[in-house]
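Q: What would the 3D arrangement of this be:
(one chain, ligands or ions: 1)
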Amino acid sequence: MPTFEYAPAPESRAVVDIASSHGLFIGGEFVEATGGKPFKTVNPATEEVLSEVSEATADDVDAAVRAARSAYTRVWSRMSGADRGKYLYRIARILQERAREFAVLETLDNGKPIKESRDVDVPLAAAHFFYHAGWADKLSYAALGDDPRPVGVVGQVIPWNFPLLMLSWKIAPALACGNTVVLKPAETTPLTALLFAEVCQQAELPPGVVNIVTGAGATGQAIVDHPGIDKLAFTGSTNVGKMIARSIAGTRKKATLELGGKGANIIFDDAPVDQAVEGIVNGIFFNQGHVCCAGSRILVQENVADEVVRRLKRRLGTLRVGDPMDKNTDVGAINSRAQLTRIEELTAAGAAEGADRWDSGCELPGTGFWFRPTVFTEVSQSHRIAQEEIFGPVVSVLTFRTPGEAVAKANNTPYGLSAGIWTEKGSRILWMADQLRAGVVWANTFNKFDPTSPFGGYKESGYGREGGRHGLEAYVKTGGDQ
Ligand code: TAP
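A: Here you go, the predicted model:
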């Protein structure tokens, strides 16, 4: 239980001005869509309608791809890397200058706590542009192969969990390498991408280098299917990723897919328990657990399992769940009713299959989409809650006795995106990291991100890397590549 009460500390929403309706951003201008059905984007914490957004049709996507091709051929692919870098630096600086506006808008549209959008999403998005600005004139020294050249027009489709951050992971490396882009944000979180379009105007980015088309799955599919797209970069669910891979099979389109995960956070009996508990909280309750690399399975050594679970439950009792605009809030709203329904369905399956369900019992607001931090114990490997991605504030606890058993259980998933190891033995960290089939392995920490570090998956978590020097590889062709 909290030892003392916090007074409300609401962030002001006066710093953002949300237009009642939005067009598409094509060729450097906001234009009306050609006949799709507009849709509303709501604040998931209050269900208030924030704005009406256009649905881009296949014709609109075609116009965006043409604008991107023209900008690519006439301007962007011919510009020196040093000059491209200047635009990226300018975008990074504007993101910093307008950071508060972006943070508030992200929290309103997504439901994540303001302290996360303010301290994580927006600073990391700016850092991505700063980092890639530095690469723009050094691609020949990045060991990418002979004569690295841009790929062309890139189609990019992103999810709703880190809207601005995922946009920056996509757009910054693409532009640094001389490509132009057509990007679709998720249907439930389009507003920061549309504000980013204003940043492109403010930075005087040549028209057509960045195009933003809003819509749902059909708009994404129109990007995937468009013959003028040279490369696709997708982040989202494994199911949609598989559909995309099938759609482009046999075409010349390249793709990188960043998909789902079911990360194992592994706690050994020599780990500092309080730090490990903080690592568990950060691993699964950050961003309401809407994190592809979340530590959604805890594997804890059997002899300390009771102690870790007891301290975890006590810690969860102190998490503040509620108004995302309050600076004291730890866990915000679930992004949509559809996602809440999925979380409810999977947790009900966990209880029905025989796992023990516990939640923090905290009060929840009366309107909006909410889910209490939840812990399942007595979980076995075959339970759906141990196998399927819940993408919510729910963690499944399993136990192990030996390092070998921990590795076998951690790897027993179709996914392979992330893992965490908590132990004081360096040799064990290195041995485990070598055995784990995961794109990123954190040691005595979790959910740390940096633009210089490549991120991506094994197995059904996708292929290709984003970030770091490795992330540039997907955005260039070299040697004799056409
Ligand atoms: P998805 O349903 O896959 O949606 C992702 C994006 O694809 C959205 O913009 C979506 O549009 C669009 N889309 C849907 N159907 C499409 C189609 N047929 N063709 C092209 N685009 C299509 O995933 P989600 O529910 O938004 O996000 C959650 C999932 O993303 C989780 O599984 C999570 O693990 C994964 N994720 C992975 C990562 C990395 S880095 N590996 C990062 C974040 C999230 P709508 O929004 O309109 O549906």
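Q: Scan the chain for its longest strand.
A: Among all segments of the chain classified by DSSP state E, the strand with the greatest residue count is strand 394-400.
Q: ok, that strand: who's next to it in the sheet?
A: Each strand that strand 394-400 pairs with, and the sense of that pairing, follows from DSSP bridges: strand 297-301 (parallel), strand 374-377 (parallel).
Q: Which stretch among these is buried most, on average?
A: Looking across these with neighbours counted as mean count of other C-beta atoms under 10 Å, the highest average goes to strand 297-301: a mean of 26. Any C-beta I mention is one placed from the backbone N, CA and C, and that applies to glycine too.
Q: export the helix or strand immediately after that one in the chain as CSV, just CAs?
A: Note on strand 297-301: by DSSP states H and E, the next helix or strand toward the C-terminus is helix 305-316. Extracted in CSV, the C-alpha atoms of helix 305-316 (Å, rounded to 0.1, in the frame of the first residue of the first chain):
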residue,chain,number,x,y,z
ALA,A,305,10.2,-17.8,-6.4
ASP,A,306,7.9,-17.3,-3.4
GLU,A,307,10.1,-14.3,-2.2
VAL,A,308,10.2,-12.7,-5.6
VAL,A,309,6.4,-13.1,-6.2
ARG,A,310,5.7,-11.7,-2.7
ARG,A,311,7.8,-8.6,-3.2
LEU,A,312,6.5,-8.2,-6.7
LYS,A,313,2.9,-8.1,-5.5
ARG,A,314,3.7,-5.7,-2.8
ARG,A,315,5.4,-3.4,-5.3
LEU,A,316,2.4,-3.6,-7.7
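Q: For stretch 109-123, list every residue counted as buried.
A: Within stretch 109-123, the residues scored as buried using 16 or more other C-beta atoms under 10 Å are 109-118, 120-123.
Q: which intervals of this protein have sub-threshold pLDDT?
A: Filtered on pLDDT under 70, the chain yields the residue ranges 1-4, 482.
Q: Mind telling me which residue is nearest the centre of it?
A: When the chain is reduced to its mean C-alpha position, the closest residue under C-alpha atoms, centre = their mean turns out to be Phe162, at 4.3 Å.
Q: Report whether the expected contact of that residue with Asp121 is present.
A: Yes: when contacts are counted by C-beta atoms under 8 Å, Phe162 is listed as touching Asp121 (5.9 Å).
Q: can you list the residues of the stretch 301-450 of the chain near the ligand?
A: Listed as neighbours of the ligand in the stretch 301-450 of the chain under the rule C-beta under 6 Å from any ligand atom: 389, 391, 417.
Q: Between those residues, which sits nearest Lys37?
A: Phe391 (26.8 Å; C-beta to C-beta).
Q: Let me know the secondary structure of the closest one.
A: coil (DSSP: H, G, I helix; E, B strand; the rest coil).
Q: doesn't Thr341 make contact with it?
A: No: taking contact to mean C-beta under 8 Å, the distance of 11.9 Å between Phe391 and Thr341 leaves them out of contact.
Q: thinking again about what came up before, distance to Gly479 for the buried residues of stretch 109-123 - can I get that in CSV?
A: Rendered in CSV, the data for the buried residues of stretch 109-123 read as follows (distance: C-beta to C-beta, whole Å):
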residue, distance to Gly479
Asp109, 43
Asn110, 42
Gly111, 46
Lys112, 43
Pro113, 47
Ile114, 48
Lys115, 47
Glu116, 43
Ser117, 42
Arg118, 44
Val120, 39
Asp121, 37
Val122, 38
Pro123, 37
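Q: With secondary structure and distance to the ligand added, can I get these in CSV?
A: Listed next are the buried residues of stretch 109-123 as CSV, based on DSSP: H, G, I helix; E, B strand; the rest coil; distance: C-beta to the nearest ligand atom, whole Å:
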residue, secondary structure, distance to the ligand
Asp109, helix, 12
Asn110, helix, 12
Gly111, coil, 14
Lys112, coil, 13
Pro113, coil, 18
Ile114, helix, 20
Lys115, helix, 20
Glu116, helix, 15
Ser117, helix, 15
Arg118, helix, 20
Val120, helix, 14
Asp121, helix, 12
Val122, helix, 17
Pro123, helix, 18
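Q: State the pair within those residues that is farthest apart.
A: When those are compared pair by pair using C-beta to C-beta, the farthest-apart members prove to be Gly111 and Pro123, with a separation of 19.4 Å.
Q: before we move on, back to that, ok, Phe391 and Thr341, which is more surrounded?
A: Taking neighbours as other C-beta atoms under 10 Å, Phe391 and Thr341 compare with Phe391 leading, 24 against 12.
Q: Return the set of residues that bridge with Ile26.
A: When bridges are assigned using DSSP bridges, the partners listed for Ile26 are Glu29.
Q: What count of nearby residues applies to it?
A: For Ile26, which is what you asked about, the neighbour count (other C-beta under 10 Å) is 26.
Q: Test my guess that it contacts Ser70.
A: No: Ile26 is not in contact with Ser70 according to C-beta under 8 Å; the separation is 11.1 Å.
Q: do you know how far Trp431 is from Gly404?
A: When C-beta to C-beta, to the nearest Å is the yardstick, Trp431 and Gly404 sit 10 Å from each other.
Q: Compare these two and say which one has the larger neighbour count.
A: For Trp431 versus Gly404, neighbours defined as other C-beta under 10 Å are more numerous around Trp431 (14 against 10).
Q: what's near enough to touch the spatially closest residue to the more buried one that is not a sequence neighbour?
A: Spatial nearest neighbour of Trp431, excluding adjacent residues (C-beta to C-beta, 6 or more residues apart in numbering): Pro403 at 7.1 Å. With contact set as C-beta atoms under 8 Å, 6 or more residues apart in numbering, Pro403 has these partners: 268, 428, 431-432.
Q: which ones among those residues are found in helices?
A: Among these, the members falling in helices (DSSP state H) are 428, 431-432.
Q: how about the residues of the stretch 301-450 of the chain next to the ligand in a markdown table, adding distance to Arg84?
A: Written out in a markdown table, the entries for these read as follows (distance: C-beta to C-beta, whole Å):
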| residue | distance to Arg84 |
| --- | --- |
| Glu389 | 37 |
| Phe391 | 36 |
| Leu417 | 31 |
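Q: of all the residues you listed, which comes closest to Ile212?
A: Checking these against Ile212 with C-beta to C-beta, the nearest one is Phe391 at 24.5 Å.
Q: Ramachandran angles for that closest one?
A: phi 60, psi 50 (degrees, to the nearest 10).
Q: Quick check: it vs Leu259, distance?
A: Separation of Phe391 from Leu259 (C-beta to C-beta): 12 Å.
Q: Skipping its backbone neighbours, what lies nearest Arg90 in space?
A: With sequence-adjacent residues excluded and distances taken as C-beta to C-beta, 6+ apart, Arg90 is closest to Ala203, at 4.3 Å.
Q: In the stretch 1-150 of the chain, which residue sits closest to the ligand?
A: Of all residues in the stretch 1-150 of the chain, Phe39 sits closest to the ligand, with a separation of 9.0 Å (C-beta to the nearest ligand atom).
Q: Good, we can wrap up now.
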